[in-house]
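Asker: The sequence and its predicted three-dimensional model are supplied below.
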Amino acid sequence: MMPKEAWETAGAVLASVGGGGAIVVALSGWLGKVWAERILAADRAKYAREIEELKGSLERTTRILQGEIDKTLFVSKTHFETEFNLLREIWANVSEVRGPMSLLRPMSGYPAGRAQQEEHFSRIFETFLAKLDRFRTAVDNNSPFYPQEIFLVLDGLIRIAQGERDDLIHNLDERFGMGWFQRGKENFRAFMLQVDKCSGLIRERLEKLAVRGPGASDYVS
């Protein structure tokens, strides 16, 4: 059917129903407009909610990222390598002290005879003293180049190890007795708790450090 014929047919239909047809057409147009506005309003509300959710998600992500950035210290490559090497050197000294200290007076595995006990103890004690002195020197000489909180934990380690040293030097009459071994166990346990704390601080420190890109200034944030 051609457009002209369609309009003629529509006109004939409306004419046949008289004025009622005009009312129907008017109501249909009004209802269509109302529903279109409702659908549009619903769509607008839906999209507004989605936009707000996206904005909220973006803000949360931004806060998390900003928090990570705020915790990050941007340093030069030279600074990072220097501090990393110093901490690695000091940690190696911690491990070297830990070894002989664990063997000084364990609760089991010690030689049975007094002469063998003295020989075993003297050999390990000399190694322990040498390692402890090297550890103390490394901590003191490098203390300006790493965080104060790590220095304090390292200083605590040194104090515990020195306490073990002094107890072994001054309590000769108790040597190889049960109480002597028990104090050694307690000292070594305190030392290891401090070792774990030190390890955690060093890991946190290295995780915070980030090397700046080439061309950046030497300013450390």
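Answerer: Great, that's in hand. Numbering: from 1, shown residues only.
Asker: next SSE after the lowest-mean-pLDDT helix or strand in the chain?
Answerer: Across the helices and strands of the chain, mean confidence by mean pLDDT, DSSP states H and E is lowest for strand 73-75: a mean of 48. Using DSSP states H and E, the helix or strand that follows strand 73-75 towards the C-terminus is helix 77-104.
Asker: tell me which residues in that following helix are buried?
Answerer: 79-80, 83, 86-87, 90-91, 93-94, 96-98, 100-101, 103-104 (16 or more other C-beta atoms under 10 Å). In this view, the C-beta of every residue, glycine as well, is placed from N, C-alpha and C.
Asker: what is the mean pLDDT for that helix?
Answerer: Mean pLDDT, helix 77-104: 90.
Asker: Could you do stretch 36-47 as well?
Answerer: Mean predicted lDDT for stretch 36-47 stands at 73.
Asker: Residue 191: which element?
Answerer: Per DSSP H and E: helix 178-208 holds residue 191.
Asker: tell me what that helix is packed against?
Answerer: helix 77-104, helix 148-170 (3 or more C-beta pairs under 8 Å, 6 or more residues apart in numbering; DSSP states H and E).
Asker: now with 10 Å?
Answerer: For helix 178-208, the packing partners by 3 or more C-beta pairs under 10 Å, 6 or more residues apart in numbering; DSSP states H and E come out as helix 19-71, strand 73-75, helix 77-104, helix 148-170.
Asker: which parts of the last one are buried?
Answerer: Residues of helix 148-170 classed as buried by neighbour count (16+ other C-beta under 10 Å): 150-151, 153-154, 156-158, 160-161, 164-165, 167-168.
Asker: how many neighbours does residue 131 have?
Answerer: Residue 131: 20 surrounding residues under other C-beta atoms under 10 Å.
Asker: and residue 210, that one's in a strand?
Answerer: Yes: assessed with DSSP: H, G, I helix; E, B strand; the rest coil, residue 210 lies in a strand.
Asker: Low-confidence ranges, the chain, go.
Answerer: 1-31, 34, 43, 47, 50-51, 54-76, 211-221 (pLDDT under 70).
Asker: Domain-wise, how is it divided?
Answerer: Domains of the chain are assigned by automatic domain parsing as 19-68, 72-211.
Asker: Quick check: which of those has the most neighbours on average?
Answerer: domain 72-211 (a mean of 15; mean count of other C-beta atoms under 10 Å).
Asker: check contacts around residue 196.
Answerer: Residues near residue 196 by C-beta atoms under 10 Å, 6 or more residues apart in numbering: residue 153.
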